[in-house]
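# Give the three-dimensional model of this entry:
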Amino acid sequence: MMQYLQYLVFVGAAVNLSGIFFYIRETVRGNTKPNKVTWLMWSIAPLIATFAALSSGIRLSVLPVFMAGFGPLLVLIVSFLNKKSYWKLEKFDYLCGLCSLLALILWGITKEPAIAIIFALASDGFAAVPTLIKSWRHSSTESASAYTAGIFSALTSFAAIKMWNFNAIAFPIYLVVVNSMLVFAICRKKIFKKSL
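From the prediction side, this is the model:
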């Protein structure tokens, strides 16, 4: 039975993809307004972390990390289809994008898998900041579906980990934390309104 737990990552990937498709649907309708800097960098950093993890021998448990990059790439592409889903970018968004890009360049210089993952985490984290702020201030412009599905998907990677080391666990732990923060930022008003 335990040997089959690793296949939970496929369930996680399917859940992640369904969350992304819901987010895309809301983007096409103009209800959700993705920050394009965030979604661009979110597509790049996890894909780099995926290739770094693959190069260090990690296989099935990297699927949620790959999905964390593939889904945002789809959102980014779709965000250009509806002008009502536009979110005005500010200097801070570009600064975070620049820091994110710098982290990716530093990874390219090192070529070391563990360092690549650290820089990919930094890159993804810098990319997340504008959307975290937007989610906190303007939660109605975001949908929690993709982030909730992202939590589940990241958690499934722990069932597939065979080598419990930094390269295997760093990005999944980060994904659980950042997606949880985004869900809280988006849903906090609804949660606390119900409790009052």
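# so where is the protein shaky, pLDDT-wise?
Along the chain, the parts satisfying pLDDT under 70 run over 1-5, 61, 85-87, 194-196.
# Could you check how far the nearest residue to residue 134 once chain neighbours are set aside is from residue 47?
Closest residue to residue 134 apart from its sequence neighbours, by C-beta to C-beta, 6 or more residues apart in numbering: residue 35 at 5.8 Å. The C-beta positions use only the backbone N, C-alpha and C, and glycine is treated the same way. Using C-beta to C-beta, to the nearest Å, we find residue 35 at a distance of 19 Å from residue 47.
# Of those two, give the one with the bigger neighbour count.
Legend: neighbour count by other C-beta atoms under 10 Å for residue 35 and residue 47, higher for residue 35 (28 against 18).
# For that one, give its distance to residue 75.
10 Å.
# what sits in contact with each of those two?
With contacts defined as C-beta atoms under 8 Å, 6 or more residues apart in numbering, no residue is shared by residue 35 and residue 75.
# Let me see the ranges of the helices in this structure.
For the chain, applying DSSP state H gives helices covering 8-29, 36-55, 63-78, 91-110, 113-137, 145-160, 166-195.
# looking at the ones you listed, which is closest to residue 84?
Taking C-beta to C-beta, helix 8-29 is the member of those nearest to residue 84, at 8.1 Å.
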